[in-house]
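> Based on what follows, work out the 3D shape:
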Amino acid sequence: LRSTPIFARAMFYCWSQKRPSGLKAHRLPSRSDEFRSRNMELAKERKISQQLRNEVLKLQRENDTLQAKIAKLKAVAQRGSDCVKEQKPQEQKERYEHLHSRPSDSSVAEHLMKAADWYRMAAEQGNPDAQNYLGIAYEEGFGVTRDLTEAMTWYRKAADQGDKDAEWKMGCWSEEGIGMAKSEIQAVFWYEKAARKGHAEAQFVLGLRYAKGIGVGKNQRQALEWFQKSAAQGHINASNALENVKARHKVASERQNESLTDFVSRCSQVQLA
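Residues are numbered from 1 along each chain as shown. Model prediction:
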C-alpha cells in the first residue's frame, strides 16, 4: 500500500472501515431485480384472484342446483292446485303468490315447507307425481323432517299407481333393504316394472341382473335387450356394457370357429391315415 497513491489508500481505508467484517460488499438492486420482484407480486395476485373466482363459481353452481330443486318442487306443487279448490279464492291467491315468488337465501326453508304442503294436499288426493315427490321430500328432508318410513309410504303409493320413478326407488330400496326386508327378487320385480315404462336407469340395472343372474335367471339375450333399450336413451354405462357384451360374443364366436376348424382338420387327417 505504501507505493499506492495517497488518494487511493485513503479510499481503501474508508471502504474497509464501513464494510462489515466477514460480509461481501452490498450490491445495489438492479432494474432486473425490481422487475423480478414485481412479477412475483403479480403472480401472487393472479393466484389469489383465481382462487376467488373459483369460490364464486362454486357458490353459483350450488345456488343453481338449489334453485333447480326449488323449481321442481314448485312445478309439482302447482299440479296439485286442482285438489284444493275448496279453499277460499283469497287464500289460494296468497299461497300461489308465496310459492311462486323468487326466494331469497333466508327464505329457502320457508318456501320448501310451503311446497311440501302443496305436495301433501295433491298426494292425499291421489296424484302419483305429488306422492313421489313427497317421498323425495321426506327422504331428503326438504321442507319436512327427514323420515324414511314416511318416504317409503308415499313411494309405495305412487308405485302402486304406476309412477316409474317411484317404482325405480322401490327397486333400489328393496335391493338395499331400506324400509323393508332386503329382497333381490322384489328388487327385480320393481326394476322391471319401471324398465317397461322406459326408465333408462332401471333398464340398465335390469340388464346387469340378467347378465349376472342376480334375483333372476341368467339370460344373456335379455341382458342384451335391456342394455340396448337403455343405451338408446343415451345411458352411458349401458352403452359401455353393450360394447363389452358384443366384444365377448365376438371373442366367443372366434374361438368356436377355431375349434370347429381344428375338429374338421383332425377328422381329415384321420381319414387320410
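> Can you give me the pLDDT of the nearest residue to residue 185 once chain neighbours are set aside?
Of all residues beyond its chain neighbours, the one nearest residue 185 is residue 215 (5.1 Å), with distances taken as CB to CB, 6 or more residues apart in numbering. (C-beta placed from N, C-alpha, C; glycine too.) Residue 215 carries a pLDDT value of 92.
> So residue 215, which state does it fall into?
What DSSP: H, G, I helix; E, B strand; the rest coil gives for residue 215 is coil.
> And for residue 218?
With three-state DSSP as the criterion, residue 218 reads coil.
> What is the neighbour count of it?
12 (other CB atoms under 10 Å).
> my guess is it contacts residue 208, does it?
No: checked against CB atoms under 8 Å, the pair residue 218 and residue 208 is beyond contact range at 11.4 Å.
> Mutual contacts of those two, please.
Here residue 218 and residue 208 have no joint contacts, going by CB atoms under 8 Å, 6 or more residues apart in numbering.
> contacting residues for the residue nearest to residue 185?
183, 184, 185, 187, 188, 209.
> Which is the succeeding secondary structure element to the lowest-mean-pLDDT helix or strand in the chain?
When each helix and strand of the chain is scored by mean pLDDT, DSSP states H and E, helix 89-100 comes last, with a mean of 44. Following helix 89-100 in sequence order, the next helix or strand is helix 108-124 (DSSP states H and E).
> so what secondary structure elements neighbour that next one?
Where contact means 3 or more CB pairs under 8 Å, 6 or more residues apart in numbering; DSSP states H and E, helix 108-124 is packed against helix 31-79, helix 89-100, helix 128-140.
> what bits of the stretch 151-273 of the chain have low per-residue confidence?
Scanning the stretch 151-273 of the chain for pLDDT under 70 picks out 249-273.
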